[in-house]
Every structure is written in structure tokens, then in C-alpha cells.
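Chemist: sequence-free structure coming up:
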Ligand SMILES: [Zn+2]
């Protein structure tokens, strides 16, 4: 009984802090939103955790990260999210995906990359990719990302302007790359057409508050030298990111060696492709020299452990990248090769894979995996001045994660829980640019039923197209 009384007293005390802080303090600054009461994992340079903590947000911006009583004393919020029994952290950053490919989820599993790509995915895309398909797929992906705590993502696909509009409407942040590829695809017959599309796309979305337009040359084995160089030049001309798949599989390494007597990274170096805004997805088949090249050229790498394991592509040398000081982000890859966009799962698998392949369980500890999914990803996308950590002055991109279920009990260390226990479905609140996209698991910016119904309709077309 005494414990109950003490607990009741504690609840009263917190309620006092939340609701009834002295009205006789007129100096409190009016802000739009306060998230108060949970363990705040900031992902700042000192890996600060404030427990309990609070985040004050005004408009798009974080104005304070502090203890609940300090925030309650200084800020009067128009809206308050009670995050007690939750972990508050920066929104997760998915550095590599192909959003509309959620519509190919489970279409072709248990195959090697080249067979999967050449015999299933490219043919399916040839028959079904359209502006409508891309729109419907992106909405479905956005719903999944919001529901699982991703607030920013990098994309490489076709009709990228449709993806940008759907992403912006859903309220998510995106670094979105218009694909350039050698063979005819749904939105371009030639690389030159793809490049023209990419340039128009960049012009249309430059300066957007949520969308960063980018160029996405598919890979060194699906583009000739002229198209690779033109893609890199376009990125440089407009100072936008260049996204490319690099050294994903042993087959790609063999192609590079047979055609150019170089590794994929070495070949791209030899033609002057690399620039500081380049993001290399996968980076599995790299030598120490390749890692040194990527570091020297300030190229960031997107690590995609789940896709790499499922397609048996290999394991990227994560420890090697980190010790060389290469900027590393985490990605899910498209849902056709994963088969979901859950960044919590990606964090956990990144940790497990790094430990297994090095035979050293101290490799990629939880804090480092979390960093890769937050501030590391933001760095990889060139967004770290804006997002990736909970710090005053940054944009308010944050999520809250519940910790009260059987699976999360007990909790000794919130960072450990985020990486080794939490799942996307545990996310309660998703906020981007100060806007609440999901509250108590209720997504505000998308009509869930309409999104799922449209996706089911589109899946019928996919099924018919591939005879499945
Ligand atoms: Zn990919």
C-alpha cells in the first residue's frame, strides 16, 4: 500500500509539472509543441540521454531539450505530448530505398541479385511502372515509414517528381534521386532522357523545405562511362546529391574487373565520378584501397544489411569504414529485397551482422548502430545541420517509442532497447519539421484505408503483368 501511495504521489507530482506549472510565471515563452516526460536520447556529439527529459518545439524548430521541469518552467505549449514511459529520439534516416517498390514486396524472393533483377524486377517494372503506380507505391511506403519511425529517406526511382509530391504531402523529408539507366525504362528511353528529366526535377524542387532533389545513376554496370560522367556533372552543376549503387555483389566486382581491370570503386575513381555529395549504396565488395578512395573523396556509404543478407550479396566492412572515418548511414533498400522499411530491424541486423562477420561482439555496439540510423544517416544525406539529433536550433524531426509491453520490460538502458528490442510497431508518435504526422499510432497525413485499398488495386495489376 505504501508503494502504491508513493506511486500515486509521483503521478500527482508529474501531473503538476505537466499541467499546472505556476500561472504566475508570465515570462514563459509560447511554443507550438512540447514532448515531455520520456527518456530523451539526443544522438548529439556527447550521446546525451536525459531521463526524464522534454523537447520544446516552436514551429519547425527545436527550441529546448532539457529536463521536464526546466522546459515546463520556460515554455507554454499550445499542444503537449505526454511521453512518459516512452523513449524520445531523432526520427530515423533511411539512406537507401526505392519507395514505390513496396508494391513488389514478396513478388520474388530467395534469388541472387542479378537473377532477381534481370528476370523478375526489371521485367515487372517494364510492365507496371507508371506515374500512377509510383504515386500509389510512395503513399504506401510513406505510411509504412511514418508508422515505423522513419522521418527522412533517400530514394532512387522513376517519375521521381511523383515521389516528391507524395512524400511532401505525407509530410516526410526526402533526398530523392531521379534514376539514370542505360536501357529504356518507363520514364526515359535513353540516359540522355533520364538526365533531362533529372535536371527538370532538380529545377522544380530546389529550395523545397522537405525535398532535396538528387541525381541517381543506377550503377557502374548499368551505365556507360559517358552517362556516369554526365550524371556526376549534373550533380556538381546544381550542387545536389548523387546517389548510386556501388560494389553490391560479387558479380558487379567481376564485371568491373572483366571490363576495366578495376574494382567498381576504382573504376568510378578512374573516370573522375566521385564527388563530396555522392552517396554509395551497399559498398560490400571493397578493398582497403577502395575505402581509402571513398574517404579521400568524402563519399558517404549506405549500409543495407538486410538486403545484402537476403540476396546473399555479402557483408559490407562496417568496422573498416568506421575506423577509416567514412560517413556511414543505414538503409533498408527497396521492400522487394528486404521485405519491409523498418529501420529498427535494420539497426539490429546491422549490429548482428557486424559482430558475426568480425567474430567480435564488441563491433558496432548499440550506440554506434543508433548513430548510423540517426545522425550518421543525416550526415550521409548532407542533412546533419538540420536533422539527425535532438538539439536546439535543429528541425523538429523526432519520434517516440513505447516501452511498456512485455517485450520491453524491464528497461535498464534506452539505447540498448532501441537497437535490440524495439520494433517499428512500437513507435507512437512521428513528428517531421514540427508537424505531427502520427499521434498515438494514428497517422494524420494519409488516409490509411485509401492508401491500402489503392495499393491492393495496384497489386492486381502487378500480379497480372508478371503472371503470378
Ligand atoms: Zn537499391
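Modeler: Received it, and whenever you're ready, just let me know what you need. Just so you know, these numbers come straight off a predicted model, no measurement behind them.

Chemist: what about the residue nearest in space to the middle of the chain, distance to residue 256?
Modeler: Central residue of the chain (Cα atoms, centre = their mean): residue 94, 1.3 Å from the mean position. Note on residue 94: its distance to residue 256, by Cβ to Cβ, to the nearest Å, is 27 Å. C-betas here are computed from N, CA, C, even on glycine.

Chemist: ok, the residue nearest to the centre of the chain - contacts?
Modeler: 145, 150, 152, 153, 154, 330, 331, 332, 341, 343, 346, 377 (Cβ atoms under 8 Å, 6 or more residues apart in numbering).

Chemist: now stretch 252-266: buried residues?
Modeler: Buried residues in stretch 252-266, counted by 16 or more other Cβ atoms under 10 Å: 252, 253, 255, 256, 260, 262, 263, 264, 265, 266.

Chemist: any chance of TSV for these, columns pLDDT and distance to residue 288?
Modeler: What follows is those, written out as TSV (pLDDT from 0 to 100; distance: Cβ to Cβ, whole Å):
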residue	pLDDT	distance to residue 288
252	97	18
253	98	15
255	97	21
256	98	17
260	98	19
262	98	15
263	98	11
264	98	15
265	98	11
266	98	12
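
Chemist: of those residues, which belong to helices?
Modeler: 252, 253, 255, 256, 260, 264, 265, 266 (DSSP state H).

Chemist: which residue packs closest to the fourth one, ignoring adjacent ones?
Modeler: What it means is residue 256. Counting by Cβ to Cβ, 6 or more residues apart in numbering, residue 256 lies nearest to residue 264, which is 4.5 Å off, once chain neighbours are set aside.

Chemist: do I have it right that the one you found meets residue 254?
Modeler: No - under the criterion of Cβ atoms under 8 Å, residue 264 is not in contact with residue 254, lying 10.1 Å apart.

Chemist: beta partners for the residue nearest to the centre of the chain?
Modeler: Beta bridges link residue 94 to residue 153 when assigned by DSSP bridges.

Chemist: low-confidence stretches in the stretch 1-150 of the chain?
Modeler: 1-26 (pLDDT under 70).

Chemist: tell me the buried residues in stretch 457-468?
Modeler: 458, 459, 461, 462, 466.

Chemist: next structured bit after the one helix or strand residue 166 maps to?
Modeler: Counting by DSSP states H and E, the element that carries residue 166 is helix 160-170. Once the chain leaves helix 160-170, the next helix or strand it forms, by DSSP H and E, is strand 173-180.

Chemist: partners of that following strand in the sheet?
Modeler: Here the strand partners of strand 173-180, with direction, are listed using DSSP bridges: strand 150-157 (parallel), strand 211-217 (parallel).

Chemist: including distance to residue 436 and mean neighbour count, could those go into a markdown table?
Modeler: Below are these laid out as a markdown table (distance: least, Cβ to Cβ, whole Å; neighbours: other Cβ atoms under 10 Å):
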| stretch | distance to residue 436 | mean neighbour count |
| --- | --- | --- |
| strand 150-157 | 12 | 29 |
| strand 211-217 | 20 | 28 |
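
Chemist: and those strands as a markdown table, adding distance to residue 237?
Modeler: Below are the strands paired with strand 173-180 laid out as a markdown table (distance: least, Cβ to Cβ, whole Å):
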| stretch | distance to residue 237 |
| --- | --- |
| strand 150-157 | 19 |
| strand 211-217 | 10 |
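
Chemist: between the ones you listed, which one is closest to residue 326.
Modeler: Taking Cβ to Cβ, strand 150-157 is the member of the strands paired with strand 173-180 nearest to residue 326, at 16.5 Å.

Chemist: off-centre distance for that closest one?
Modeler: Using Cα atoms, centre = their mean, to the nearest Å, the mean C-alpha position of strand 150-157 is found 5 Å from that of the whole chain.

Chemist: so which residues of the stretch 51-200 of the chain form strands?
Modeler: Remark: strands assigned in the stretch 51-200 of the chain by DSSP state E, counting those that start in this stretch are 54-58, 61-66, 75-82, 86-90, 92-97, 150-157, 173-180.

Chemist: for residue 275, find the nearest of these.
Modeler: Across the strands of the stretch 51-200 of the chain, residue 275 has its closest neighbour in strand 173-180 (14.1 Å, Cβ to Cβ).

Chemist: buried stuff in the closest one?
Modeler: Within strand 173-180, the residues that qualify as buried by neighbour count (16+ other Cβ under 10 Å) are 173, 174, 175, 176, 177, 178, 179, 180.

Chemist: cool, and stretch 119-129?
Modeler: With the criterion 16+ other Cβ under 10 Å, stretch 119-129 contains buried residues 120, 121, 124, 125, 128, 129.

Chemist: and these, which is closest to residue 306?
Modeler: Distance to residue 306 across these (Cβ to Cβ) is lowest for residue 121, with 16.6 Å.

Chemist: so who does that closest one touch?
Modeler: The contact partners of residue 121, taken as Cβ under 8 Å, 6+ apart, are 101, 104, 107, 108, 336.

Chemist: gap between the second one and residue 147?
Modeler: It stands for residue 104. Taking Cβ to Cβ as the measure, residue 104 falls 19 Å from residue 147.

Chemist: and the helices in the stretch 251-400 of the chain?
Modeler: Listed in chain order, the helices found in the stretch 251-400 of the chain under DSSP state H, counting those that start in this stretch are 264-270, 288-296, 305-310, 318-324, 343-358, 366-373, 375-380.

Chemist: deepest of these, which one?
Modeler: helix 375-380 (a mean of 28; mean count of other Cβ atoms under 10 Å).

Chemist: which elements pack onto it?
Modeler: For helix 375-380, the elements it packs on are strand 92-97, strand 150-157, strand 300-303, strand 328-330, judged by 3 or more Cβ pairs under 8 Å, 6 or more residues apart in numbering; DSSP states H and E.

Chemist: other residues contacting it?
Modeler: Residues from elsewhere that reach helix 375-380, judged by Cβ under 8 Å, 6+ apart: 43-44, 90, 92-95, 152, 154, 279, 300-302, 327-330, 384, 386-389.

Chemist: circling back: any idea which of the strands paired with strand 173-180 gets closest to residue 134?
Modeler: When the strands paired with strand 173-180 are ranked by proximity to residue 134, the top entry is strand 150-157, at 6.8 Å, counting by Cβ to Cβ.

Chemist: the closest one vs strand 86-90, what angle?
Modeler: Between strand 150-157 and strand 86-90, the angle formed by their directions is 50 degrees, by axes from the mean of the first three to the mean of the last three Cα atoms, to 10 degrees.

Chemist: quick check: buried residues in stretch 49-62?
Modeler: Neighbour-count burial for stretch 49-62 flags 49, 50, 52, 53, 54, 55, 56, 57, 58, 60, 61, 62 (criterion: 16+ other Cβ under 10 Å).

Chemist: from those, pick the one nearest residue 245.
Modeler: Using Cβ to Cβ, the buried residues of stretch 49-62 come closest to residue 245 at residue 60, 32.7 Å.

Chemist: which ones are touching the closest one?
Modeler: Residues in contact with residue 60 (Cβ under 8 Å, 6+ apart) are 209, 395, 396, 433, 434, 435.

Chemist: top of these by neighbour count?
Modeler: Note: the member of those with the most neighbours is residue 396, at 27 neighbours, neighbours being other Cβ atoms under 10 Å.
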